[in-house]
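[1] got a predicted model here, sequence first, then my questions.
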Number of protein chains: 4
Amino acid sequence: MNINLNQAEKIIVAAKSKAQALDTKMNIAVVDAGANLLAFARMDGAWLGSLDISIKKAKTARYFDMNTGAIGELSQPGGSLYNIEHSNNGLITFPGGVPIKNSSGEIVGAIGVSGSSVENDHVVAEAGAIALK
Amino acid sequence: MNINLNQAEKIIVAAKSKAQALDTKMNIAVVDAGANLLAFARMDGAWLGSLDISIKKAKTARYFDMNTGAIGELSQPGGSLYNIEHSNNGLITFPGGVPIKNSSGEIVGAIGVSGSSVENDHVVAEAGAIALK
Amino acid sequence: MNINLNQAEKIIVAAKSKAQALDTKMNIAVVDAGANLLAFARMDGAWLGSLDISIKKAKTARYFDMNTGAIGELSQPGGSLYNIEHSNNGLITFPGGVPIKNSSGEIVGAIGVSGSSVENDHVVAEAGAIALK
Amino acid sequence: MNINLNQAEKIIVAAKSKAQALDTKMNIAVVDAGANLLAFARMDGAWLGSLDISIKKAKTARYFDMNTGAIGELSQPGGSLYNIEHSNNGLITFPGGVPIKNSSGEIVGAIGVSGSSVENDHVVAEAGAIALK
């Protein structure tokens, strides 16, 4: 079970559309089931620094099969996953990374979005993730 | 002078089309004038190991404003740029990276392609690069 | 819109002057609009460890187009950008990095200063940043 | 015995002047006796990819107290220093890095220049290095 390029491109189209509706400029990364980059788009004017963050969010969401924000709640000081960010050559554990599931509910990849508030980042990532369903 | 996302996506479409015509499976990366990733696509079945190579080729072509193969000719043992690959967190200096010029001939980014023979990689990169003209 | 070397050198002169007025010894880095180092000066006796920090501050300020301290407020434990420092090969999010604007108010680069208290670092960075206006 | 910032800035002025006389655009890095960056300037239009190379050349010249090109002759296949470039987080061993000596002939730092042919790079580095004598 793995996402293909055609699906990833549909996801990016959906995410870009949502980003424009929110008047934001996003970096959008899609990784496959192996957490390797499959497709990427940086909207004009989006923060350069969010390029790396969007890819790390997508990888993080697939590494642990959960929304990145959920990991961040556990990696706070005193939390059970404190400092997990040091693993895997750097994780990003605030919202904006979301696993991608196929119509059967199987995780086939993940999307990472960065460029606005983490709330907006998450909303745009969600819009992309559900485009496959 | 800089390439925008819409242009980068047209370049990737052109490169994918050429790759399919050659019956190859490519990783295709487009960087902007700042050598930062702008758009990326990995065709289904393309080598995972070429993901990194395609991005490095695109960056290499923009770092030095020439085809990557031209740098590789100078970086052979005894050549004037021997071991230049150690710089910039790793260059790729065999063919497959090509600068992208606008209609005025100004370099606005670069494309890097990896996944087949270096001859095919270069042909596909060229097909992408000229899509902007 | 991009800063040039002549402007960067004026900025460094202004920052050095302010650093001397405060009796501090600073590392001063200026990056351009692409977040690539443009000019750098380490004042005699300044901490060696601040070399890396000053460059990272300048890059951080340009990556997100805001003062580094503003990012640091959001990256505290529990904050929305907690652990963003793991991205981009390492950010520095305490004060001392400031975007540089041209006379039209457009961001054309950034300055990063490190070598004293973060309050002093910020004051010196500000003195450099306004030298262009 | 160590170079100071004022001396480094004189060296950069001399190197820039020579670069302009040769109609070249250079990245110019000066490291101190500890091989840590002391001053840097990237001339307008110089290759972005040469930023890293200029710094590595300066470090390499100081690490081994010789011109970078001399190391490159020894690091060719079959040579006694073959692949030394893998050490020290990456060396650059083609010409353009030159040790800096004070008036007593003591090595107090090094200059690294990158942006043109290695012959020009070396000439500009030499022009900078002798400015201190």
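    Nice, I can see it.

[2] report the central residue of chain A.
    Against the mean C-alpha coordinate of chain A, by CA atoms, centre = their mean, the closest residue is A:Gly112 at 1.7 Å.

[3] contacts only, for that one.
    Listed by CB atoms under 8 Å, 6 or more residues apart in numbering or on different chains, the contact set of A:Gly112 reads A:28-31, A:53-61, A:68, A:92, A:96-98, A:125. The C-beta positions use only the backbone N, C-alpha and C, and glycine is treated the same way.

[4] let's see it at 10 Å
    A:Gly112 is in contact with A:26-31, A:37, A:40, A:50, A:53-62, A:68, A:92, A:96-98, A:121, A:125, A:128, counting by CB atoms under 10 Å, 6 or more residues apart in numbering or on different chains.

[5] and for A:Gln20, the neighbour number?
    13 (other CB atoms under 10 Å in any protein chain shown).

[6] what about the residue nearest to the centre of chain A, which helix or strand?
    Element membership for A:Gly112 (DSSP states H and E) is strand A:107-114.

[7] how about A:Leu51?
    Taking DSSP H and E as the definition, A:Leu51 sits inside helix A:49-64.

[8] so A:Gly90 lies in a strand, does it not?
    No - counting by DSSP: H, G, I helix; E, B strand; the rest coil, A:Gly90 is located in no strand; its state is coil.

[9] who's in contact with it?
    Going by CB under 10 Å, 6+ apart, the list of residues near A:Gly90 reads A:Asp52, A:Ile53, A:Lys56, A:Lys59, A:Thr60, C:Asn83, C:Glu85, C:His86, C:Ser87, C:Asn88, C:Asn89, C:Gly90.

[10] and if we set it to 6 Å?
    Neighbouring residues of A:Gly90 by CB atoms under 6 Å, 6 or more residues apart in numbering or on different chains: A:Lys56, C:His86.

[11] and it, how far from C:His86?
    To C:His86, A:Gly90 is 4 Å away according to CB to CB, to the nearest Å.

[12] need the residues of chain A near chain D, please.
    Contacts of chain A with chain D, taken as CB under 6 Å from any CB of the partner chain, are absent.

[13] for chain C, what's the nearest residue on chain A?
    A:Gly49 (2.7 Å; CB to the nearest CB).

[14] pLDDT score for the nearest residue to that residue once chain neighbours are set aside?
    Nearest-residue entry for A:Gly49: C:Tyr63, 2.7 Å, with adjacent residues in sequence omitted and distances by CB to CB, 6 or more residues apart in numbering or on different chains. In this prediction, C:Tyr63 carries a pLDDT score of 96.

[15] residue contacts, the residue of chain A found nearest chain D?
    For chain A and chain D, the shortest gap (CB to the nearest CB) falls at A:Leu48, measuring 13.4 Å. Neighbouring residues of A:Leu48 by CB under 6 Å, 6+ apart: B:Asn36, C:Ala35, C:Tyr63.

[16] now, of these, which are buried?
    Using 16 or more other CB atoms under 10 Å in any protein chain shown as the burial test, those include B:Asn36, C:Ala35, C:Tyr63 as buried.

[17] bridging residues for the residue nearest to the centre of chain A?
    Note on A:Gly112: beta-bridge partners by DSSP bridges are A:Ala29, A:Gly97.

[18] that older thread, got the angle for the helix holding A:Leu51 vs helix C:49-64?
    Relative orientation of helix A:49-64 and helix C:49-64, computed by axes from the mean of the first three to the mean of the last three CA atoms, to 10 degrees: 90 degrees.

[19] helices and strands around the next helix or strand after helix A:49-64, which ones?
    Downstream of helix A:49-64, the first helix or strand assigned by DSSP H and E is helix A:68-74. Contacts defined by 3 or more CB pairs under 6 Å, 6 or more residues apart in numbering or on different chains; DSSP states H and E place helix A:68-74 against helix A:49-64.

[20] residues in contact with the helix it packs on?
    Contact with helix A:49-64 is made by A:27, A:29, A:31, A:35, A:42, A:68, A:71, A:88, A:90-92, A:96-99, A:110-115, B:36-37, C:63-64, C:87-88, as judged by CB under 6 Å, 6+ apart.

[21] angle of it against strand A:107-114?
    Relative orientation of helix A:49-64 versus strand A:107-114 (the same axes, to 10 degrees): 150 degrees.

[22] give the residue farthest from the middle of chain A.
    A:Gly78 (25.5 Å).

[23] assign it to helix, strand or coil.
    Under three-state DSSP, A:Gly78 falls in the coil class.

[24] so where is chain A shaky, pLDDT-wise?
    For chain A, not a single residue meets the criterion pLDDT under 70.

[25] can you list the residues of chain A near chain B?
    Chain A comes close to chain B at residues A:4-5, A:36-44, A:48, A:51, as judged by CB under 6 Å from any CB.

[26] quick one: the residue farthest from the centre of chain A from C:Pro77, how far?
    Computed as CB to CB, the A:Gly78 to C:Pro77 distance reads 9 Å.

[27] and A:Leu22, by the same measure?
    Separation of A:Leu22 from C:Pro77 (CB to CB) stands at 28 Å.

[28] these two: which has the busier surroundings?
    Higher neighbour count among A:Leu22 and C:Pro77: A:Leu22, with 16 against 12, using other CB under 10 Å.

[29] which residues touch that one?
    Neighbouring residues of A:Leu22 by CB under 6 Å, 6+ apart: A:Asn120.

[30] go with 7 Å
    A:Asn120, A:Val123, A:Val124 (CB atoms under 7 Å, 6 or more residues apart in numbering or on different chains).

[31] nearest to chain B among those?
    Closest approach to chain B among these (CB to the nearest CB): A:Val124, at 15.0 Å.

[32] so the closest residue to A:Ala14 other than its chain neighbours: helix, strand or coil?
    Using CB to CB, 6+ apart and skipping residues adjacent in sequence, the residue nearest A:Ala14 is A:Ala131, 3.7 Å away. Taken by three-state DSSP, the conformation at A:Ala131 corresponds to helix.

[33] pretty sure A:Ala131 contacts A:Glu9?
    No - between A:Ala131 and A:Glu9 there is no contact under CB atoms under 7 Å: 10.1 Å.

[34] which strands or helices does the one helix or strand A:Val123 maps to pack on?
    Remark: A:Val123 resides in helix A:118-129, with elements defined by DSSP H and E. Helices and strands touching helix A:118-129, by 3 or more CB pairs under 7 Å, 6 or more residues apart in numbering or on different chains; DSSP states H and E, are helix A:5-21, strand A:97-101, strand A:107-114.

[35] any idea how far the shortest one is from the middle of the chain?
    This points to strand A:97-101. Computed by CA atoms, centre = their mean, to the nearest Å, the separation of strand A:97-101 from the middle of its chain amounts to 7 Å.

[36] output it as CSV, nothing but the C-alphas.
    C-alpha atoms of strand A:97-101 as CSV (Å, rounded to 0.1, in the frame of the first residue of the first chain):
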residue,chain,number,x,y,z
GLY,A,97,2.0,17.2,9.6
VAL,A,98,-0.8,14.7,8.9
PRO,A,99,-0.8,11.0,7.8
ILE,A,100,-2.4,10.3,4.5
LYS,A,101,-4.8,7.3,4.3
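
[37] pull the residues that contact it.
    Outside strand A:97-101, the residues within contact range by CB under 7 Å, 6+ apart are A:3, A:11, A:57-58, A:60-62, A:65-68, A:107-112, A:125-126, A:129, A:132-133.

[38] cool, and stretch A:115-124?
    With contacts defined as CB under 7 Å, 6+ apart, stretch A:115-124 is touched by A:15, A:18-19, A:22, A:24-27, A:46-47, A:50, A:69, A:94-96, A:113-114, C:80.

[39] now which of those would you call buried?
    Among these, the ones that count as buried by 16+ other CB under 10 Å are A:15, A:18-19, A:22, A:24-27, A:46-47, A:50, A:69, A:94-96, A:113-114, C:80.

[40] find the closest residue to chain B in chain A.
    Nearest to chain B, among the residues of chain A, is A:Phe40, at 3.9 Å (CB to the nearest CB).

[41] perfect, I'm done here.
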